[in-house]
Structures are given as C-alpha cells and as structure tokens.
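Novice: mind folding the following:
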Amino acid sequence: KATVSVLNWKSAGAPPMACPSGRPAVEADARRLAAFAAKYRWLAGCKITSYYTAACGAPLPAAWAEVVRAAPLPALAKALRGDAAGLADAAGAPLPDDLATFLEEVEEGRTMAPCARGDGDEALAARCAAHAHGPSAAPPPLPPLFFRGVKAKKAHEIARLAPLVDEVARAAGATHVVDIGAGRGYLSRVLAQHYGWQVVAVESQELHVAAGKKLDEQVAAALEKERRKGGGAPPVPTPQRIRWVCATLGSADPAAFEALLAEEPDAATCAPRRYLLVGLHSCGDLSSKLATLAARWGAAAGVVVVGCCHMHTTEAEPAADDAGTQLLAQRRPECRDASNVKAIHAAAQLAKEGATAPGFPLSQALSGVALGTQLRELACAELAGYAARLEAAAEGGCEEAVGQLQLHCWRGLAERIMREALGDAAAHTRLSVRSIPHAWKMSFNEYVAAALARMKIEGEGGAPCDYEALYAAELAAWQEVVGFNVLRLACAPALERLLAADRHLYLLEHGMDATVLPVFDPAVSPRALAVAGVKGPLSAPPAPPAKRRKTDEA
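Specialist: Below you'll find the model as predicted:
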C-alpha cells in the first residue's frame, strides 16, 4: 500500500530505522525529540476547535498560512507522509525558512527513532530486526482458525507481534509468557497453541475471560482435528493450555504481581520460572508499569510492550500550557475543560490503585520533561486515515470527504461563536460539541444552530443569525485550517517515538538490553512502536524450526 510510508519507512530494502549504537546515542536522540516537542508545542498543543479563539493564539505564522492555503490537497497528503516537496511547488517559491526548518526536523523525528541497543550489546536488536515492519517484511503464516471472528486490524497486530514475542522470549530464556490485558486471548492463544509457550493471560473483565476460555477449547479441538487428518503427527511445537487470571494490574510492585499470578512451584523440575511480560496496546500507564515491573521483578526475563492511549498517561510534572494538569496541581476543580477532567480521572485512578509513580517520564535521562495532555493525545494520531481522506477529497466525486475536511473550519468557528455567546462564563464551561450526525450535509448556519442547541446556548439576541455572511472570509479559507491540522499531525511520529524512547531508556538504565522497532503497518494499526527488553546474556538463537504441516502453512 502507498500509505505504508506514513511514518517514512519507505526505502525499499533499507532498514526501517536509523539506529544509534549505544545508550549515550539513545539519550541524545531522546533529548532531541524532547527539544522538538518543546519547540513546536505552540503548534502540536493547539486543538482544531480552538483555531479561531484566543486560547490558541496565532495558530500559524502568516507565511505558513499562505503556503498551506495555496497547496492542493494531494500535496498536503504527501507532506503528511514525509514528502514536502509539493508544498514548495504549490507556493511557486522557496518555503519560508522557519517552515523549511520545521519540515526538516519533522523528517528527522520520523527517520531517526531511538531504537538503539544497550551498551556494547547489539544482540537483541539484531535478533529483532527481522520482525520490524518494512516493505519486505512478511510475518510467518498462521493457521486461519486463530483468526475466526477477529477484525482485520487485530489479526494484523497478532500476526506481527506474536513472532516478535516468540523471538524475545527465546532470547531472554523465558519459561512463561504473561499477556497483560489479554482481552479474549487472541494473542495468548497463538503463543500457547501455535508457538508452544506456557502462557498466563491476565484480564480484568470476567466476560472476556469466560469468552477466552471457550475460544481456547474451540481452537484446541480444531487443532486436534487437523492433527488427526495429518496422519497423527503432533504439531510443532506442542500446544500448551492457557492459564487465565481475572485481575487488574494495579501497580508495578513485584510482590503484588506475584500474589496476582498465584503461581504454584514446578515440583517436577524445581526449575525457577522466568516470565516475559507482554502488552499489546497497553493503555496509558499500563505500558510504563510493565517496563517498571520487568526491571524490578526478579522473575521477569524481559518485556515486549506496544503502548496506546497516551493521553491517559500520568506525568511527573505539568506541561507549561497543560491547563488541566496545572489546575489539578493547584487543586482548582472548578475549571472543567477537557484536559482537567482527564487529569482528575487519571489521578483518581492512581489513588484508587495505590500507585504513586507517574507514567512519564520513567527514565532519568528525560527527568523534568513534560508533554501535557494535548501532545500525548497527538502521539496516538492516525496519519494514514487522514492522508487517505485528503486524497479522496482531491479526487472529486466524494462530497462527504470534502465536507468532513470543511468541518475543521466549522468546528473552530463554532467554538468561537459559543465563547462569544457565553462571555466570561466560557472560562468555566467545558465546550465539547463532539460530532453532530451528518454534519457535512448541513449548511454552516444549520451546523452552528445544532452546536448551540447541543450546548444549550442561545444565539445572539435569541434570534437566528446569518453566520455564513458574518464569517464568509473564514469559511472561504477552510483549507488553511486543514493545512494547520496537517502540520500539527506531522508532529505525531516524533511524539510517539519520544514516549517509546523514555521506556527504552528506562530499561537501559536498569541494565537491560533493549530496543525499539516499528512492528505494525501504520496504515493498519497507527500505534506501531514496540519496546522490547531482556535481562542478562541472551540465549543462543534457536535452530531452524521443523517443517510444519501443509494445513499450518495454509
């Protein structure tokens, strides 16, 4: 797919990332990413809905706004994928120096991810390199029976992550794999019944646990049926049963985690158990807890985690412009903007779980760095889908795609109208219109009326107003807001990599050999960076596996 290059992994046959060679280089790269985040906070931290309000200030310099207004939508889509040449062509002149510098730094943030190895030991990164997503990457085939009823996105994630987990578990000398937040056990099932690992699936929801156990039996029966059809030869390796634990990982305390697992000692071998901790799209602080637990727990052999929902990650210090976190620290609950609500919820959850350590930053190298809710939320952005929307709108014949893009401008103007209608009360009101059904089919006057009605705000003087005439100039320049959003979204890969770099550095600081690699196709699964780490010397690479049966290869 053309959209594979959305995070700039686009050189056919080339490594997907430029990897420094040791911890000092990783620290330098992480600090560069942190400096990028601080330098462009004015852009990345501004919401589309605040584009026309004082809360956002002057969102784009005049010269930048002129460039994005003149750029056709395909050029904006290419810029989002890392090819900004079309912007200069559309402008008909060299780009402004500061915009050219920004695009260069965006490119560096995409291509120089902190995926380096630990001090002097490059073994783990070398072992994992084959599992990085790229033009020539193809995961080994898995039996279709593991993916019955599974959505394409989840199937892609499991097919890509399971071989990496198997590789890291072998490199770490693990005896067991613990899947935290296992859901219905799709990843656990592949690891246990296809790769032969003893898996402990930890899931907080009883309904998922019950459904997972039922699926275990169904897949085991199907495998046995295939085994009999294949002449009686057992599959390689031998399938294992999954042990389910219905619990929530409340903290990164090793003693509490051992009690949660409630493992019985292996009386037959008396061998110590070594656990690889795994998290597929671990939400918020959960990815940080897994990294912390892997470093502090003596029985942990390593960790593989893909983070997600970074907006729910707690921070040690509030960002300079993160009003929600600042007000939480000042104990001013009367402010009810969206950031504050999220921060209060996160703090309450931490207090409930008895945890005190923040989720970011974990590493000493990034101590004092603060991102804030808006930047962490932007790190989760789906660039490929937005680029596809730009291209669909440019092709013509797709009225909905054009209407959805124009809604960016409409939302910004609607918030400005609501703030003006509320006056001083706007500072204490959470303005959240959210999506209005079929808004792209409406006129702007109809959209504003629906937004005001949803927020229970009366229009100016209580009488209908011709907002289309009042804001004709802004409505005609809707592509400026789209261009602003493209430049804002272009910051997302660097922010996602910064969060992954923090966990990576934390593992290195605790003596683990660690690496970061893009494991998913970002066109299918946007949160694609996996952090992997192991303790101690790596085990020898496994011998080539025995040839599988034709049913497995199918």
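Novice: CA only for contacts and neighbour counts going forward, please
Specialist: OK.
Novice: which helix or which strand is home to the residue nearest to T53 when sequence neighbours are not counted?
Specialist: Spatially, and ignoring its direct neighbours in sequence, T53 is nearest to R416 (5.6 Å; CA to CA, 6 or more residues apart in numbering). Under the criterion of DSSP states H and E, R416 resides in helix 399-422.
Novice: ok, residues contacting the helix or strand that that helix is followed by?
Specialist: On the C-terminal side of helix 399-422, the nearest following helix or strand under DSSP H and E is helix 444-454. Contacts with helix 444-454, where a contact means CA atoms under 8 Å, 6 or more residues apart in numbering, come from W410, A414, M418, V433, I436, A439, E458, G459, C465, D466, Y467, E468.
Novice: give me the buried subset of these.
Specialist: Buried subset of those (neighbour count, 16 or more other CA atoms under 10 Å): W410, A414, M418, V433, A439, G459, Y467.
Novice: residues touching the residue nearest to T53, list them.
Specialist: R416 touches S50, Y52, T53, counting by CA under 8 Å, 6+ apart.
Novice: okay, the residues you listed in TSV with distance to A393 and neighbour count next?
Specialist: As requested, the contacts of R416 are exported to TSV (distance: CA to CA, whole Å; neighbours: other CA atoms under 10 Å):
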residue	distance to A393	neighbour count
S50	24	18
Y52	24	21
T53	27	18
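Novice: nearest to L290, of those?
Specialist: Closest approach between the contacts of R416 and L290, by CA to CA: S50, at 35.7 Å.
Novice: distance of the closest one relative to L215?
Specialist: Remark: distance between S50 and L215 (CA to CA, to the nearest Å) = 47 Å.
Novice: rewinding a little: and the contacts of R416, which is closest to E104?
Specialist: Nearest to E104 among these: S50, at 26.5 Å, using CA to CA.
Novice: any idea how many residues pack against A392?
Specialist: Residues lying near A392 (other CA atoms under 10 Å) number 18.
Novice: figure out the helix or strand that it lives in.
Specialist: Per DSSP H and E, A392 falls inside helix 383-395.
Novice: do a quick rundown of the strands in this structure.
Specialist: Under the criterion DSSP state E, strands of the chain are mapped to 176-180, 198-203, 242-246, 275-283, 300-308, 513-518, 529-534.
Novice: so which of the ones you listed comes closest to A473?
Specialist: Nearest to A473, of all those, is strand 300-308, at 39.0 Å by CA to CA.
Novice: pLDDT of that closest one, averaged?
Specialist: The average pLDDT within strand 300-308 is 95.
Novice: just use 9 as the starting number from now, easier for me
Specialist: All right, first residue 9 from here; so that's strand 308-316.
Novice: for that strand, packing partners?
Specialist: Under the contact criterion of 3 or more CA pairs under 8 Å, 6 or more residues apart in numbering; DSSP states H and E, strand 308-316 touches helix 160-180, strand 283-291, helix 294-304, strand 537-542.
Novice: among the ones you listed, which is nearest A134?
Specialist: Nearest of the helices and strands packed on strand 308-316 to A134, taken as CA to CA: helix 160-180 at 10.9 Å.
Novice: quick revisit: can you tell me which of the helices and strands packed on strand 308-316 is packed in deepest?
Specialist: Here the criterion is mean neighbour count by mean count of other CA atoms under 10 Å, and of the helices and strands packed on strand 308-316 the winner is strand 537-542, at a mean of 28.
Novice: output the lowest mean pLDDT helix or strand found in the protein.
Specialist: helix 331-337 (a mean of 37; mean pLDDT, DSSP states H and E).
Novice: how close does A177 sit to N453?
Specialist: In terms of CA to CA, A177 sits 59 Å off from N453.
Novice: returning to what we had before: same list (the strands of the chain) but as CSV, adding distance to R384.
Specialist: Shown next, in CSV, are the strands of the chain (distance: least, CA to CA, whole Å):
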stretch, distance to R384
strand 184-188, 22
strand 206-211, 25
strand 250-254, 29
strand 283-291, 12
strand 308-316, 10
strand 521-526, 18
strand 537-542, 15
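Novice: right, and the ones you listed - which one's nearest L153?
Specialist: Nearest of the strands of the chain (CA to CA): strand 250-254, 16.8 Å.
Novice: need the helices and strands packed on strand 308-316 in JSON lines (columns: mean pLDDT and distance to Q414).
Specialist: Formatted as JSON lines, those follow (pLDDT from 0 to 100; distance: least, CA to CA, whole Å):
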{"stretch": "helix 160-180", "mean pLDDT": "93", "distance to Q414": "28"}
{"stretch": "strand 283-291", "mean pLDDT": "94", "distance to Q414": "31"}
{"stretch": "helix 294-304", "mean pLDDT": "94", "distance to Q414": "36"}
{"stretch": "strand 537-542", "mean pLDDT": "94", "distance to Q414": "32"}
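Novice: got the contact list for the closest residue to A498 other than its chain neighbours?
Specialist: Closest residue to A498 apart from its sequence neighbours, by CA to CA, 6+ apart: L88 at 5.7 Å. Going by CA under 8 Å, 6+ apart, L88 touches V14, L391, A395, V494, L495, L497, A498.
Novice: need the max-distance pair from those residues.
Specialist: Maximum distance among those (CA to CA): 13.6 Å, for V14 and L495.
Novice: contacting residues for the nearest residue to A302 once chain neighbours are set aside?
Specialist: Spatial nearest neighbour of A302, chain neighbours left out: A308 (5.3 Å); criterion: CA to CA, 6+ apart. A308 makes contact with R282, Y283, L284, L285, L301, A302, K543 under the criterion CA under 8 Å, 6+ apart.
Novice: can you count the residues close to the closest residue to the fifth one other than its chain neighbours?
Specialist: Okay, so that is L301. Distances taken as CA to CA, 6+ apart place A260 nearest to L301, at 5.0 Å, with adjacent residues excluded. Counted with other CA under 10 Å, residues neighbouring A260 total 21.
Novice: which one of the contacts of R424 is nearest to E266?
Specialist: Nearest to E266 among the contacts of R424, with distances taken as CA to CA, is S58, at 47.0 Å.
Novice: where in the stretch 9-158 of the chain is pLDDT low?
Specialist: For the stretch 9-158 of the chain, the stretches with pLDDT under 70 are 9-29, 62-66, 120-130, 143-148.
Novice: good, we can wrap up now.
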